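Undergrad: Below are the sequence and a predicted model; questions follow.
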Amino acid sequence: MIEKVNPAHPDKVADCIAGALVDLAYQQQADPRIAVEVLAGHGLCTIIAETSVKFRRKDVVKIVRRIAGDLKVKLNVVPQDTYLAQNQSEGLRCGDNGIFKGVPLTKEEKTLSKIAREIYAEYPYDGKYVLDGKKLVICQSNADSAKLRATYEKAGYQVVVNPLGDWTGGTDVDTGATNRKLGSDMGHSVTGGGLQGKDLSKADVSINIYAFLQAQKTGKPVELSCAIGDATVDGKPYAEIVEVARAYIQKIGGFEKLAEWGLY
């Protein structure tokens, strides 16, 4: 049993804005420090960013409008906490306490990820999907419900499409917030730390990505933990784990791309 949302879901819209701001920070500094929270809905986008870079308001507004449409932007940018900044003063060290879990993707997760992308390619609007064995629940806004039902019944699924009827979706229907769709981002690898809106020094990003990739490589679950300030994790310098995560982010096209679909 698994749930997936697409990039137009309000929570993913918030994630994408946060991811785009992290991308913007990396354009300004090689290794910025940034943590972004976004709340978007009903005509307003509120952004709080703790960061080592200086954002121009017009650049932030441009990102919001590109991703979320014509929302008013309330922006609060503050420096990173002094004590947190000191943690990285002598090289990369874990930027948080936490536990992290990587789990090999199941066939069901891979299948639903494929279905979600298929539907979104035809209907690039707010949508959520659940797969439970052969039962497929599709909630897709601005879609031809009858066509969706016929397509996936033909593929052998017991299909439920838009049980409350057709709907429009988007941030005028539902408010979106960063890191509220951890299951959709991480599948059964979900832990307490969210992937979105943070730089690579943050363990929530780098160790989660590292553990996920290790699990796919070995075919076995991977469980790790760290304390803020740790220089090594899983017997490796933390800087090496950061570089594994950096290579993954670069391969998929950046932090906004990570925000669109998560890790699978």
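TA: That came through, no problem.

Undergrad: contacts and neighbour counts: CA atoms only from here.
TA: Noted.

Undergrad: Show me the helices in the stretch 151-264 of the chain, by range?
TA: Using DSSP state H, counting those that start in this stretch, the helices of the stretch 151-264 of the chain run over residues 182-186, 203-218, 238-252, 255-261.

Undergrad: export the ones you listed to a markdown table and tack on mean pLDDT?
TA: Output for these, formatted as a markdown table (pLDDT from 0 to 100):
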| stretch | mean pLDDT |
| --- | --- |
| helix 182-186 | 96 |
| helix 203-218 | 97 |
| helix 238-252 | 97 |
| helix 255-261 | 98 |
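
Undergrad: okay, those in CSV with distance to residue 78 and mean neighbour count next?
TA: Formatted as CSV, those follow (distance: least, CA to CA, whole Å; neighbours: other CA atoms under 10 Å):
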stretch, distance to residue 78, mean neighbour count
helix 182-186, 26, 22
helix 203-218, 21, 22
helix 238-252, 24, 17
helix 255-261, 21, 23
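
Undergrad: In JSON lines: those helices, plus distance to residue 68.
TA: Below are those laid out as JSON lines (distance: least, CA to CA, whole Å):
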{"stretch": "helix 182-186", "distance to residue 68": "20"}
{"stretch": "helix 203-218", "distance to residue 68": "24"}
{"stretch": "helix 238-252", "distance to residue 68": "21"}
{"stretch": "helix 255-261", "distance to residue 68": "13"}
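
Undergrad: of all the ones you listed, which lies closest to residue 44?
TA: The minimum distance between residue 44 and the helices of the stretch 151-264 of the chain falls on helix 255-261, with 20.1 Å, by CA to CA.

Undergrad: which outside residues touch the helix or strand of the chain with the lowest mean pLDDT?
TA: The least trusted helix or strand in the chain, going by mean pLDDT, DSSP states H and E, turns out to be helix 82-87, with a mean of 83. Outside of helix 82-87, the residues within contact range by CA atoms under 8 Å, 6 or more residues apart in numbering are 93, 95, 229.

Undergrad: Kindly report the same for stretch 212-232.
TA: Applying CA under 8 Å, 6+ apart, the set of residues contacting stretch 212-232 is 87, 92-105, 189, 211, 233-234, 237-239.

Undergrad: I'd like to know which of those are buried.
TA: For the contacts of stretch 212-232, a neighbour count by 16 or more other CA atoms under 10 Å gives the buried set as 87, 92-105, 189, 211, 233, 238-239.

Undergrad: Isn't residue 38 up against residue 177?
TA: Yes - using CA atoms under 8 Å, residue 38 is in contact with residue 177, at 5.7 Å.
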